[in-house]
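> Test case, fold it:
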Amino acid sequence: MKKQLFALGVFLMCAQGFAQTYTREEVKQHIKEDPSFTIHQDNYLITGVPTNTSIESTTADIKYQISFKQLISREPIIWDSYMYLTYTQKAFWNIYEFSSPFQEINFNPTIGLSKVIYDDTDHAKGIASLMLNHESNGRDSTASRSWNRLSLKYATTLSHKTTASLEVWAPFGYQDDNSDLLEYVGLGEMRITHEFMPNKLSLEVALRKGLNWDWKGSVRSRLYYNPFKTKNQYIMLEWYAGYAESLIAYEKFSSMVRLGFVIKTNELDFLKPKWVD
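Residues are numbered from 1 along each chain as shown. You can find the predicted model right below:
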């Protein structure tokens, strides 16, 4: 029995050694060879209903998002970091209502710098990003909503199946259209993603907390399941509970459950362990 336990312990220690993230040279090789135009955030089309009010044609909707990234240079710009542009567009479509109007479209262009952080063995352990964001709904007059922010984000692995990111921002240029916006979106966001089955089943939770000592903020949970042969196509179940899901109604609480199709981002794949011989 002791021999069996000893053998099991040796196996587990060795198995942990086989799971490694990408080395510095492998990361640089990927940056040089991978497409410069890629997915940024998840691209999805989901539909659903509210859980905090009656289900009607005016309360059910479709939400979709288009998001992509363009790498500016394959060579480091400064401090061994790479520059990129991103564009994300999120739409809320009242498709079940008469004439199927769009309730809201939010536009979010960004310019940023990202740097891969390495451990003492020269394996990737995190990604740090500095970003300048603009987000607006493209409307004018009293329906105009917009804000700008300078964001600092760090993503890392908590275990071989769990990744986490923390983003903090310094907002500016929001006082004219929505002076109390920070009471609902706060000064940052935390995300945790856990893979139950690699490339098959995972859960992501994103949290925001408003500035005041109250319950204003948001929790967004996403369950991903992949029944397909490709790695990045999933069925997604999303539950959003809180404020500021859209800019036009940032001060209104909503609780929406939606289901649909998603093409998942692979931005944090550098941090995922790979099995080596």
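
> Quick one: neighbours of the closest residue to W147 other than its chain neighbours, just the number.
Excluding its sequence neighbours, the residue lying closest to W147 (CB to CB, 6 or more residues apart in numbering) is Y174, at 3.5 Å. From N, CA and C alone the C-beta is placed, and that goes for glycine too. Number of residues near Y174 (other CB atoms under 10 Å) recorded here: 19.

> Test my guess that Y174 contacts S136.
No - with contact defined as CB atoms under 8 Å, Y174 does not reach S136; the gap is 10.0 Å.

> Mutual contacts of those two, please.
Common neighbours of Y174 and S136, using CB atoms under 8 Å, 6 or more residues apart in numbering, are 146-147.

> In this protein, where's the longest strand?
strand 102-118 (DSSP state E).

> Give me the distance from that one to the chain's centre.
Strand 102-118 has its C-alpha centroid displaced from the chain centroid by 10 Å (CA atoms, centre = their mean, to the nearest Å).

> So which elements touch it?
helix 24-33, strand 82-93, strand 124-136 (3 or more CB pairs under 8 Å, 6 or more residues apart in numbering; DSSP states H and E).

> any idea which of the ones you listed scores lowest on pLDDT?
Among these, helix 24-33 carries the lowest mean pLDDT, at a mean of 84.

> Okay, angle between that helix and strand 82-93 too, please.
60 degrees (axes from the mean of the first three to the mean of the last three CA atoms, to 10 degrees).

> what packs against helix 24-33?
strand 102-118.

> and the strand it packs on, which strands flank it?
When pairs are called by DSSP bridges, strand 102-118 turns out to pair with strand 82-93 (antiparallel), strand 124-136 (antiparallel).

> Output those strands as JSON lines; include the columns distance to L152.
Formatted as JSON lines, the strands paired with strand 102-118 follow (distance: least, CB to CB, whole Å):
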{"stretch": "strand 82-93", "distance to L152": "15"}
{"stretch": "strand 124-136", "distance to L152": "6"}
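
> Relative to A164, which of those is closest?
strand 124-136 (9.9 Å; CB to CB).

> Give me the distance from the following helix or strand past the closest one to the chain's centre.
Using DSSP states H and E, the helix or strand that follows strand 124-136 in sequence is strand 146-159. Relative to the chain's own centre, strand 146-159 is displaced by 10 Å; criterion: CA atoms, centre = their mean.

> and strand 146-159, which residues are buried?
Buried residues in strand 146-159, counted by 16 or more other CB atoms under 10 Å: 146-147, 149, 151, 153, 155-157.

> Can you name the residues that contact T163?
Here T163 is in contact with 155-157, 192-193, 268, 271-272 (CB under 8 Å, 6+ apart).

> Which members of the residues you listed are the farthest-apart pair?
Pairwise over the contacts of T163, using CB to CB, the maximum falls at I192 and K272, 14.7 Å.

> returning to what we had before: compare the strands paired with strand 102-118 and give me the one nearest P227.
strand 82-93 (25.1 Å).

> if we can go back for a sec, could I get the helices and strands packed on strand 102-118 as TSV with distance to V49?
Formatted as TSV, the helices and strands packed on strand 102-118 follow (distance: least, CB to CB, whole Å):
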stretch	distance to V49
helix 24-33	41
strand 82-93	13
strand 124-136	26
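
> out of the ones you listed, which comes closest to E56?
strand 82-93 (15.4 Å).

> Distance from the chain centre to that closest one, please.
That offset, for strand 82-93, works out to 11 Å (CA atoms, centre = their mean).

> Looking at I192 and K272, which has the bigger crowd around it?
K272 (18 against 15).

> Distance check, that one against H123.
K272 is 12 Å from H123, where distance means CB to CB, to the nearest Å.
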